[in-house]
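1. Take this sequence and fold it.
(one chain, ligands or ions: 1)
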Amino acid sequence: MKLLVTAGPTREYLDPVRFLSNRSTGKMGFAVARAAAARGHLVTLVAGPVSLPTPGGVRRVDIVSARDMLAAVKRRLRFADALVMTAAVADWRPASVSSVKLKKLGMDRVLALEPNPDVLQTLRPCKGGRLFVGFAAETGDPLREAERKLRVKGLDLIVANDVSRPDSGFAVDTNKVTFLSLAGGSLQRLDLPLLTKDEVAARLVEWLEQKRSEEA
Ligand code: CTP
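-> Numbering: from 1, shown residues only. Down below sits the predicted model:
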């Protein structure tokens with residue numbers, strides 16, 4: 001399979017030294033890229049600003065903002081059989097970006113924002129026979145929100161995780177996740193035990209392989 005995987009946060013600059021971002025470190029996405037490459041798949045990894053080494057055999061494209069990520073994924077989607085969006089894409093960006101460092105005294109106390117494009121939703125019309133996988137990092141009710149995103153974004157699979165647990169989510173090497181998918185309109189749920197991110201990644205790649213073979 002040819003896999004397009006996204007990872008890490010995006011950065012939304014306000015001026016040359018300040019940005020809006022989030023706690024994503026890219027570990028989960030890099031683990032997916034590594035697991036897929038290890039099983040012989042061709043992997044392109046679109047990464048936000050992270051400090052992780054590129055897994056062997058993986059083609060890496062570095063981006064900064066959500067709009068860069070959309071452009072990078074859009075350009076490569078037609079060569080892919082599956083898109084796995086582990087990236088924590090910033091939903092908002094500053095409405096204006098200054099080319100020079102903003103001075104404290106001249107700054108407004110209210111930051112005007114505008115919405116970023118949703119990568120999965122934007123590319124939904126180009127999905128064709130490709131598999132689309134999303135990740136839902138939640139602090140509330142992970143399964144309810146994940147199911148909503150699975151349906152709204154038209155995904156084949158969503159990986160739900162509760163990032164309020166100390167052993168799941170940002171900057172740790174383990175994850176407690178549930179796979180949610182739809183089969184003939186009914187929700188399929190697979191609760192995985194606490195696993196390393198490498199193990200979650202391997203399970204995800206197996207899920208994709210299985211789904212692909214069922215469809216062949
Ligand atoms: N995603 C995306 N483009 C965005 C935001 C999110 O493609 N602008 C993708 C993420 O990579 C992830 C999935 O959508 O695979 C769910 O992301 P999440 O941040 O959990 O959800 P949001 O759609 O941003 O919804 P909310 O902020 O309401 O939780």
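
2. Which strands and helices lie in contact with the lowest-mean-pLDDT helix or strand in the chain?
-> For the chain, scoring each helix and strand by mean pLDDT, DSSP states H and E identifies strand 174-175 as the least confident one, at a mean of 88. In terms of contact count using 3 or more Cβ pairs under 8 Å, 6 or more residues apart in numbering; DSSP states H and E, strand 174-175 is assigned the packing partners strand 195-196, helix 197-215. Quick note: C-beta positions are derived from backbone N, CA and C, even for glycine.

3. Quick one: distance of it to the chain centre.
-> Its chain's average C-alpha position is 16 Å from that of strand 174-175, according to Cα atoms, centre = their mean, to the nearest Å.

4. same check, this time on stretch 189-206
-> With Cα atoms, centre = their mean as the basis, stretch 189-206 stands 16 Å off its chain's centre.

5. do it and the ligand meet at all?
-> No. Interface with the ligand: stretch 189-206 contributes nothing (Cβ under 6 Å from any ligand atom), its closest point being 12.2 Å away.

6. Straight-line length of that stretch, end to end?
-> Between the opening and closing residues of stretch 189-206 lies a distance of 16 Å (Cα to Cα, to the nearest Å).

7. Report the buried residues of that stretch.
-> By neighbour count on 16 or more other Cβ atoms under 10 Å, the buried set for stretch 189-206 is 192, 195, 197, 198, 199, 200, 201, 202, 203, 204, 205.

8. what does stretch 72-79 give?
-> By neighbour count with 16+ other Cβ under 10 Å, stretch 72-79 contains the buried residues 72, 73, 76, 77.

9. distance of residue 53 from residue 26?
-> Spatial separation of residue 53 from residue 26 under the definition Cβ to Cβ, to the nearest Å is 11 Å.

10. Please say which of those two ends up with more neighbours.
-> Neighbours were counted for residue 53 and for residue 26 using other Cβ atoms under 10 Å; residue 26 has more, 23 against 8.

11. Phi, psi for the more buried one please.
-> Taking degrees, to the nearest 10, you get phi 90, psi 0 for the backbone angles of residue 26.
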